[in-house]
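Colleague: Structure for this input, please:
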Amino acid sequence: MAAVMAETSEDELQRAQEALVHLVENGDLERIVQLARLSGAAADSMSDEMVGRLAGLASDGMDLLDRVNRSQVVNALPAISALVENGDLERIVHLARMAGAAGDSMNDEMVSRLATLATDAMCLLDRATRTGVMDRLLAVAEKMDQDHILTDFLHCLSGATEEAASAPIPKGGIAGLWDMMKKPETQQTIQFLMLVGKHFRSCRLRH
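Modeller: Predicted coordinates:
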């Protein structure tokens with residue numbers, strides 16, 4: 001038994017010696033010594049208060065890591081990475097800064113007025129929903145979208161703006177008005193507006 005233990009100890013010593021030789025050859029032993037000295041110097045220079053703060057910091061870090069794991073924030077990291085890559089996170093930060101600056105520049109009277117406006121808007125929306133006005137507005141909006149009414153109006157407004165910028169200045173007077181009234185498109189426009197007024201008047205009379 002003693003011989004076996006002696007042989008085992010000799011093998012372990014041999015392996016330890018080989019490991020030490022390897023550490024000495026690649027410089028790791030010197031690095032370990034320097035690290036031990038650095039750690040000892042840091043420990044000697046730290047007071048009990050500093051040690052307590054470091055222990056508290058480590059405890060808080062472990063608690064924060066546990067909360068992150070339990071809240072599954074890790075699953076949001078790909079989305080956050082995408083926000084950083086496409087610049088949306090920076091835009092959100094700018095928007096938050098603008099909102100904060102606006103909040104800092106508002107006094108109590110402005111906040112009160114905005115709160116009253118928001119309350120009135122919510123009451124109006126609730127009333128429109130309860131009375132069915134909102135459903136009718138949505139139906140009208142859907143009809144306008146299907147008939148391309150709003151799109152046509154925007155195109156017409158854009159075309160009229162461009163044409164008015166390049167059109168000559170009207171002559172004025174009866175002669176200029178007469179020249180305008182003689183144009184077929186002017187008469188068609190007046191006719192269309194008269195038809196719109198006629199149908200609107202009929203709707204209002206029915207009510």
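
Colleague: need the contact list for Leu125.
Modeller: Listed by CB atoms under 8 Å, 6 or more residues apart in numbering, the contact set of Leu125 reads Met134. C-beta: built from backbone N, CA, C; applies to glycine.

Colleague: what mean pLDDT does the helix or strand containing Met122 have?
Modeller: Using DSSP states H and E, the element containing Met122 is helix 108-131. Per-residue pLDDT values over helix 108-131 give a mean of 82.

Colleague: Whichever helix or strand comes after it packs against which elements?
Modeller: Downstream of helix 108-131, the next assigned helix or strand under DSSP H and E is helix 133-146. Counting contacts by 3 or more CB pairs under 8 Å, 6 or more residues apart in numbering; DSSP states H and E, helix 133-146 is packed against helix 108-131.

Colleague: if we go to 10 Å?
Modeller: helix 108-131, helix 149-166 (3 or more CB pairs under 10 Å, 6 or more residues apart in numbering; DSSP states H and E).

Colleague: From Cys203, how far off is Leu154?
Modeller: Per CB to CB, to the nearest Å, Leu154 is found 25 Å from Cys203.

Colleague: my bad, should have said Asp104
Modeller: On the measure of CB to CB, Asp104 and Cys203 end up 50 Å apart.

Colleague: Quickly note the distance from the residue nearest the centre of the chain to Ala79.
Modeller: Nearest residue to the geometric centre of the chain (CA atoms, centre = their mean): Ile92, 4.4 Å. Plainly put, Ile92 is 12 Å away from Ala79 if you go by CB to CB.

Colleague: What about Met144, how many residues nearby?
Modeller: Counted with other CB atoms under 10 Å, residues neighbouring Met144 total 14.
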